[in-house]
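Engineer: How does the following fold in three dimensions:
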Amino acid sequence: MKKRTFLTAAALSAAALAAAPAMAQDNTFKIGLILPMTGQQATTGRQIEAAARLYMAQNGDTVAGKKIQLIVKDDTSLPDTTRRLAQELVVNDKVNVLAGFGITPSALATAPIATQSKTPMVVMAAATSSITQASPYIVRTSFTLPQVSVALADWAPKNGIKTVVTLVSDYGPGIDAEKFFKDRLTFNGGQVTDALRVPLRNPDFAPFLQKVRDNKPDALFVFVPSGAGAAVMKQFLERGLDKAGIRLIATGDVTDDDQLNDMGDGALGVVTSHHYSAAHPSAMNKKFVEAFSKANKGLRPNFMAVGGYDGMRVIYEALKTSKGQGGGDALLAAMKGQLFESPRGKIFIDAQTRDIVQDVYLRKVEKKDGQLYNVEFDVIKDVKDPGKAK
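Structural biologist: Next up is the predicted model:
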């Protein structure tokens, strides 16, 4: 009897999901923004929400005759919570688009709901390569770890780095970063002498960094999610790895613009590869940084902010193109193939993979006007996700 009741409830839930988009109100266009607003990844939520609200302030809240409504929900980076919130947003709130998704497990937990309800799902943060393959309704405006890891593995051997220990957070993006960095470094004649994985929740980097010091590689390659970079930097210096002659190289999550000034001069000279820096010298980015800072009490935008800002642009343009008509399929079709100038540079939503194609920059932490910035010194143009480039 219990099994039958459960199956009936599941069937009703599936029916509600499938019916939800068709029941959306005609004059309101609802975006359900699910983000970690509290907990370990709270900076991600703060940055993306601020960027989404800035885009709306700059571009109005009416598009193609529809009033845009942003509904923000805090999932605290717990996938079960993300799934429940997504289902409530689709069934109860009748949202037209799901967006946000601070970490990979949260995005993957929501993918079946997007598929079942035919609701476009704009991933503004999570960065595991495989995410867009989890649902045909997912479009990504952030980045992938393979995109930014490969560039650093090309740079390192040309700059005196032959042996590397990798240190990554033990979940999807970290495993991607480890694999693609190692494969490319090995191809280029370098060697990964040890591969260390740190728990995602409540990480303690100290014992891992002691192991790195004992190993004595030329460099330590690090990926940790947004918000954890400052802890890595602090413990790297406390353990004296810099004095032992070990260089720190990383994906841009580690020298996050949101936290960089708090890291102090110990961060100077750290080389990273990433798709966005607040110091990107384009006119558009200078305006974006100024407007973002003004709207948020001096807060500097980071790579999460640009994912949210561009995600809103993708949604707005899709709504314009579809003239406010049609359901999720029409919106999704209008999201594919978008090509535009972003604060990070030119970006393109690949129509086949629904993933982002963008420039990746090599940067070094330098001091400008008394503040620390990731200053770009090289660029790799139009990088597709290597996880799908085959």
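Engineer: Starting from the helix or strand of the chain with the lowest mean pLDDT, tell me the next helix or strand along the chain.
Structural biologist: Between all helices and strands in the chain, the lowest mean by mean pLDDT, DSSP states H and E belongs to helix 2-19, at a mean of 50. Going down the chain from helix 2-19, the next helix or strand is strand 28-35, by DSSP states H and E.
Engineer: Enumerate the positions of the helix or strand that contains residue 207 that are buried.
Structural biologist: Following DSSP H and E, one finds residue 207 within helix 206-215. Within helix 206-215, the residues scored as buried using 16 or more other CB atoms under 10 Å are 208-209, 212-213. C-beta: built from backbone N, CA, C; applies to glycine.
Engineer: What segments of the stretch 51-200 of the chain are strands?
Structural biologist: Ranges of strands in the stretch 51-200 of the chain, per DSSP state E, counting those that start in this stretch, are 62-63, 66-74, 97-100, 121-123, 138-140, 163-169, 191-198.
Engineer: I'd like to know which of the ones you listed is closest to residue 55.
Structural biologist: For residue 55, the closest of the strands of the stretch 51-200 of the chain is strand 66-74, at 9.9 Å, according to CB to CB.
Engineer: Give me the below-cutoff pLDDT ranges for the stretch 251-390 of the chain.
Structural biologist: 389-390 (pLDDT under 70).
Engineer: ok, which stretches of it are strands?
Structural biologist: Under DSSP E, counting those that start in this stretch, the stretch 251-390 of the chain gives strands at 271-274, 339-342, 345-349, 356-368, 371-383.
Engineer: So for residue 226, which of these sits nearest?
Structural biologist: strand 271-274 (11.1 Å).
Engineer: what's that closest one packed up against?
Structural biologist: helix 145-158, strand 247-251, strand 356-368 (3 or more CB pairs under 8 Å, 6 or more residues apart in numbering; DSSP states H and E).
Engineer: Adding distance to residue 57 and mean neighbour count, write the ones you listed out as CSV.
Structural biologist: Compiled in CSV, the helices and strands packed on strand 271-274 are given as follows (distance: least, CB to CB, whole Å; neighbours: other CB atoms under 10 Å):
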stretch, distance to residue 57, mean neighbour count
helix 145-158, 30, 23
strand 247-251, 30, 25
strand 356-368, 24, 20
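Engineer: I'd like to know which of those is closest to residue 129.
Structural biologist: helix 145-158 (5.3 Å).
Engineer: Wait, residue 93 touches residue 30, no?
Structural biologist: Yes. Residue 93 is in contact with residue 30 according to CB atoms under 8 Å; the separation is 6.0 Å.
Engineer: who has more neighbours, the two?
Structural biologist: residue 30 (20 against 16; other CB atoms under 10 Å).
Engineer: pretty sure that one contacts residue 99?
Structural biologist: No. Applying CB under 8 Å as the test, residue 30 and residue 99 come out as separate, 10.6 Å apart.
Engineer: what residues do those two have in common as contacts?
Structural biologist: Counting by CB atoms under 8 Å, 6 or more residues apart in numbering, residue 30 and residue 99 have no common neighbour.
Engineer: which residues sit in contact with the residue nearest to the spatial centre of the chain?
Structural biologist: In the chain, the residue lying closest to the centroid (CA atoms, centre = their mean) is residue 125, at 2.6 Å. Shown in contact with residue 125 (CB under 8 Å, 6+ apart): 35, 44, 48, 100-103, 142, 226, 304, 307-308.
Engineer: Report the lowest-confidence entry in the residues you listed.
Structural biologist: Here the lowest pLDDT out of the contacts of residue 125 sits on residue 226, with 80.
Engineer: State the distance from that one to residue 75.
Structural biologist: Using CB to CB, to the nearest Å, we find residue 226 at a distance of 15 Å from residue 75.
Engineer: re the thing from before, reformat the strands of the stretch 51-200 of the chain as CSV; add distance to residue 318 and mean neighbour count.
Structural biologist: Listed next are the strands of the stretch 51-200 of the chain as CSV, based on distance: least, CB to CB, whole Å; neighbours: other CB under 10 Å:
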stretch, distance to residue 318, mean neighbour count
strand 62-63, 10, 15
strand 66-74, 12, 17
strand 97-100, 8, 30
strand 121-123, 9, 30
strand 138-140, 9, 27
strand 163-169, 32, 25
strand 191-198, 38, 17
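Engineer: Any idea what residue 222 is bridged to?
Structural biologist: residue 167, residue 250 (DSSP bridges).
Engineer: Need the pLDDT of it.
Structural biologist: Value for residue 222, per-residue pLDDT: 98.
Engineer: Residue 247 is in contact with that one, correct?
Structural biologist: No. Look at residue 222 against residue 247 with CB under 8 Å: they stay out of range, at 11.1 Å.
Engineer: and residue 70, what does it touch?
Structural biologist: 31, 33, 52-53, 56.
Engineer: Overlap in contacts, residue 93 and residue 30.
Structural biologist: residue 71.
Engineer: follow-up on the earlier one: compare the strands of the stretch 251-390 of the chain and give me the one nearest residue 281.
Structural biologist: Across those, the minimum distance to residue 281, taken as CB to CB, is reached by strand 371-383, at 7.4 Å.
Engineer: List the buried residues in the closest one.
Structural biologist: Taking 16+ other CB under 10 Å as the criterion, strand 371-383 shows 372-376, 380, 383 as buried.
Engineer: do the same with stretch 292-309
Structural biologist: 292, 296, 299-309.
Engineer: mind checking the end-to-end distance for it?
Structural biologist: The first and final residues of stretch 292-309 sit 10 Å from each other (CA to CA, to the nearest Å).
Engineer: for that stretch, the distance to its chain's centre please.
Structural biologist: 14 Å (CA atoms, centre = their mean, to the nearest Å).
Engineer: Pull the residues that contact it.
Structural biologist: So stretch 292-309 is in contact with 43-44, 46-55, 57, 100, 124-125, 141-143, 226, 252-253, 256-258, 260-261, 274-276, 278, 288-289, 342-344, going by CB under 8 Å, 6+ apart.
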